[in-house]
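Q: got a sequence here, can you build the structure:
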Amino acid sequence: MITETPTDFFIERRYKDYSIKYYNLREIGQGSPEIGNLSINGRNVLQKYFFGGPPLFYENYMLAPLFVSKLCKTGFILCKINLETLEMDFISNLLKLIFLKEIDIIRKKVKFYESVEQNELREVTW
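A: All right, here's what the predicted structure looks like:
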């Protein structure tokens, strides 16, 4: 089993009838998470946005960390993307890192770590 991390994840994958691809990849800093633009079935998800990985999927949605860089603050916001319409919902505050773990569809919660070391499991409701 291959374990994906925010610094090493698959840049192309299939989920149901969707082809997901990260491109224009770059590291935030040396040894830091990778981010890139995102396309779904060849359609760009707002090219000005950069997404991290690895993503999680459920039904027709993709959950991925969205990289944000504002004045003195940088970090990630958890983003829920409709794979059909490419509409996005932001479902977390700005966090240092989002390392997605699992989705609890029944409780509408996403579990994640805020560090690569996976010290403390957190969750957010969408």
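Q: so who does Tyr49 touch?
A: Contacts here follow CB atoms under 8 Å, 6 or more residues apart in numbering; on that basis Tyr49 touches Asn37, Leu38, Leu66, Phe67. In short, each C-beta sits where N, CA and C put it, glycine included.
Q: want to throw these into TSV with neighbour count?
A: Supplementary listing: these in TSV, determined by neighbours: other CB atoms under 10 Å:
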residue	neighbour count
Asn37	18
Leu38	27
Leu66	23
Phe67	21
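Q: now the residue nearest to Ile98 when sequence neighbours are not counted, what's its secondary structure?
A: Spatial nearest neighbour of Ile98, chain neighbours left out: Pro65 (3.9 Å); criterion: CB to CB, 6 or more residues apart in numbering. Under the three-state scheme (DSSP: H, G, I helix; E, B strand; the rest coil), Pro65 adopts strand.
Q: for this structure, give me the ranges with low pLDDT.
A: Low-confidence regions of the chain, defined here as pLDDT under 70, cover residues 1-2.
Q: hey, where'd the strands end up in this protein?
A: If you assign secondary structure with DSSP state E, the strands in the chain sit at 12-15, 18-27, 34-40, 43-44, 50-51, 56-58, 61-70, 73-82, 88-90, 99-104, 109-113, 121-125.
Q: residues contacting Leu63?
A: Under the criterion of CB under 8 Å, 6+ apart, the neighbours of Leu63 are Pro55, Leu56, Phe57, Leu78, Cys79, Lys80, Ile81, Ile91, Leu100, Ile103, Val110.
Q: oh sorry, the question was meant for Leu66
A: Taking CB under 8 Å, 6+ apart as the criterion, Leu66 is in contact with Tyr49, Phe50, Phe51, Gly52, Phe76, Ile77, Leu78, Cys79, Met88, Phe90.
Q: so what pairs up with it in the strands?
A: Beta-bridge partners recorded for Leu66 (DSSP bridges): Phe51, Ile77.
Q: over to the one 4 residues further on?
A: Bridge pairing for Lys70 (DSSP bridges) gives the partners Lys73.
Q: centroid residue for the protein?
A: With distances taken as CA atoms, centre = their mean, the chain has Ala64 as the residue nearest its mean C-alpha position (1.8 Å).
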